[in-house]
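Novice: A structural model of the following input is requested.
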Amino acid sequence: QQPPHQRLHHDPNDNAANIRRPRQQRHECVAIGLSTLSFNPRSRMPGWDEHSFGYHGDDGGIFHGHGEMLRRYGPSFGPGDTVGCGLDYTTRKVFFVKNGEFLGWAFENIDREMVDRGLYPTVGVDTECPVHVNFGKTPFKFDLKEFGREKLYL
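Specialist: Numbering: from 1, shown residues only. Down below sits the predicted model:
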């Protein structure tokens, strides 16, 4: 017997037999953010616990503390998009960018102890699409120096 996903289906109105594959709904997501060393990336996406902050590409939501979206923050993102994350150490605010555009402040008043202990770039991947990560080896699409000059007016 053939596996269920390759069973032949014969349409009586058609003279050919076709292979029908049932639709497989796959939920794919890439999430970026920041996390402490206590974050477990093998079992969680960024933002799904108190040790991380995340912006999720499947729904544009931001997450922190649990697996529920805090709010819709920005547009969704996926293949072909460039997304980034930044932390303003002075104000303890986290922001994200998409395709070089500042999306606004996502998280404010991050716990000072958490910032002092260290927050690290974090990427969660639940997709079969390739993901390229740039930690500064090549120039960022977002102009961080210009942002530093302009943020005084935000």
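Novice: same for the helix or strand where residue 53 lies, what does it pack against?
Specialist: Using DSSP states H and E, residue 53 sits within strand 52-56. Counting contacts by 3 or more Cβ pairs under 8 Å, 6 or more residues apart in numbering; DSSP states H and E, strand 52-56 packs against strand 29-35, strand 61-64, strand 101-107, strand 120-126. C-beta: built from backbone N, CA, C; applies to glycine.
Novice: what would these look like in TSV with mean neighbour count?
Specialist: What follows is the helices and strands packed on strand 52-56, written out as TSV (neighbours: other Cβ atoms under 10 Å):
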stretch	mean neighbour count
strand 29-35	24
strand 61-64	23
strand 101-107	17
strand 120-126	17
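Novice: Dump those into CSV; add distance to residue 86 and mean pLDDT as well.
Specialist: Shown next, in CSV, are those (distance: least, Cβ to Cβ, whole Å; pLDDT from 0 to 100):
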stretch, distance to residue 86, mean pLDDT
strand 29-35, 9, 96
strand 61-64, 14, 97
strand 101-107, 9, 97
strand 120-126, 10, 94
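Novice: Select, out of those strands, the one closest to residue 81.
Specialist: strand 29-35 (9.1 Å; Cβ to Cβ).
Novice: one step back: between strand 29-35 and the strand holding residue 53, find me the angle.
Specialist: Per axes from the mean of the first three to the mean of the last three Cα atoms, to 10 degrees, the angle that strand 52-56 makes with strand 29-35 is 150 degrees.
Novice: So what touches strand 52-56?
Specialist: 29-36, 39, 44-48, 61-64, 69, 73-74, 83, 85, 94, 96, 106-107, 110, 119, 122, 124 (Cβ atoms under 8 Å, 6 or more residues apart in numbering).
Novice: swap in stretch 91-110?
Specialist: 32-34, 53, 55, 62, 64, 73-75, 77, 81-88, 111-112, 115, 119, 141-143, 147, 154.
Novice: rerun that using 7 Å as the cut-off
Specialist: Stretch 91-110 has contacts (Cβ atoms under 7 Å, 6 or more residues apart in numbering) with 34, 53, 55, 62, 64, 73-75, 77, 81-87, 112, 115, 141-142, 147.
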